[in-house]
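[1] Predicted model and sequence below, questions to follow.
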Amino acid sequence: MENINNVTEFILLGLSQNKRIKNFCFLLFLFCYIAIWMGNLLIMISITFSQLIDQPMYFFLNYLALSDLCYTSTVTPKMVTDLLAESNMISYTNCMAQLFTMHFFGGIEVFILTVMAYDRYVAICKPLHYMVIMNRHKCFTMVFTCCAGAFLHSFVQCLLTISLPFCGPNEIDHYFCDVYPLLKLACTDTYIVGILVVANSGMMGLVTFVVVMLSYCLILYTIRPYPAESRTKALSTCSSHVTVVVLFFVPVLFIYIRPAVTFPEDKVFALFYTIIAPMFNPLIYTLRNMEMKNALRKVWCKIPFLIGRQIS
């Protein structure tokens, strides 16, 4: 079948068509987007200009904060401006670009969270070999591998979508361009493509989630004979990461692990991994981590001191 594409732009239906709800959502998500930038920049600056950057856990957290910023910026600015616009149009090219970048940075986040779980496993289960196993060269290699894996995932996802012909309705029942809503608009049988999308996105999310959970099962098994105080200390270093993983992975798996169908609830669940998780990640890692709190105090207390010296 010849791939004929008569659609040059799509209409994003967004979260709601109600004017009052749209105005409320505009203020809410604008606040969320500002909070995402402030929180993640705070984390990145505090880690980069402190000794925490030398620790693998915070080295990866720095890249997680960066991927959060890039990831949410592929979706949120467009969504916020569309809440005030009368017609929410997006060109075919921009739609495919948004699809690619969202899955690329989302893939990086998934893999970084998996690497961070492995880091906690090595730190707790192999403490004597930790600095040898998680040396700086290996950390950089892991980050590069995360980016390469995310690019491959996103490239396949985008390739499957671009191959589809769009010649009929052009209304996407979502606030951003994603694969399942686009499959619904394709004017051809999408059964095989749907299976490939599930194999690509769903299985990637499921496998990485299983790896993360397996890491924590091994950690729990290792610390089982430890005294209560030692167990508490070991688990306290993992609690922030577990919270972030659950907040991000559960809605991702709900949407991508099932067959290629769409539900009205998908838009609400998508908010968790596109906006809510990137906003709460800095808060979770800061409030539940004493080292992070100390780094924040040291770095941000130095800034007024340095400015005062430059003025004098």
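    All right, it came through fine. Just so we're clear, the structure is a prediction, and the values are computed from it rather than from any experiment.

[2] and the residue lying closest to residue 208 once chain neighbours are set aside, how many residues sit next to it?
    If you skip the residues right next to it in sequence, residue 208 has residue 114 as its closest partner in space, 4.6 Å away by C-beta to C-beta, 6 or more residues apart in numbering. Using the backbone N, CA and C atoms, a C-beta is placed for each residue, glycine as well. Around residue 114 sit 22 other residues, with neighbours defined as other C-beta atoms under 10 Å.

[3] Now for residue 114: which residues touch it?
    Listed by C-beta atoms under 8 Å, 6 or more residues apart in numbering, the contact partners of residue 114 are 208, 211-212.

[4] How about residue 43?
    Contacts here follow C-beta under 8 Å, 6+ apart; on that basis residue 43 touches 61-62, 65, 281-282, 285-286, 292.

[5] export those residues to TSV and tack on neighbour count and pLDDT?
    What follows is the contacts of residue 43, written out as TSV (neighbours: other C-beta atoms under 10 Å; pLDDT from 0 to 100):
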residue	neighbour count	pLDDT
61	27	91
62	21	92
65	24	92
281	25	85
282	24	84
285	24	78
286	17	75
292	21	73
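
[6] Most widely separated two among these?
    Taking C-beta to C-beta as the measure, the contacts of residue 43 span a maximum distance of 13.5 Å, between 62 and 286.

[7] Contacts for stretch 149-169 next, please.
    Contacts to stretch 149-169, defined as C-beta under 8 Å, 6+ apart, come from residues 1-7, 92, 96, 99-101, 103-108, 110-111, 179, 182-183, 185-188, 190, 193, 196-197, 200-201, 204.

[8] From those, keep the buried residues only.
    7, 92, 96, 99-101, 103-108, 110-111, 179, 182-183, 185-187, 190, 193, 196-197, 200-201, 204 (16 or more other C-beta atoms under 10 Å).

[9] Run through the helices of this protein in chain order.
    Taking DSSP state H to define them, one finds helices in the chain at 19-48, 56-73, 76-82, 92-125, 130-133, 136-162, 179-185, 191-197, 203-223, 228-256, 266-271, 277-287, 290-311.

[10] In a markdown table: those, plus distance to residue 173.
    Written out in a markdown table, the entries for the helices of the chain read as follows (distance: least, C-beta to C-beta, whole Å):
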| stretch | distance to residue 173 |
| --- | --- |
| helix 19-48 | 16 |
| helix 56-73 | 21 |
| helix 76-82 | 14 |
| helix 92-125 | 14 |
| helix 130-133 | 47 |
| helix 136-162 | 16 |
| helix 179-185 | 6 |
| helix 191-197 | 17 |
| helix 203-223 | 22 |
| helix 228-256 | 13 |
| helix 266-271 | 8 |
| helix 277-287 | 22 |
| helix 290-311 | 40 |
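
[11] in stretch 208-222, what's buried?
    Along stretch 208-222, the positions that meet the burial threshold by neighbour count (16+ other C-beta under 10 Å) are 208-209, 212, 215-216, 219.

[12] now swap in stretch 52-72 and tell me
    Residues of stretch 52-72 classed as buried under the neighbour-count rule (16+ other C-beta under 10 Å) are 52, 55-72.
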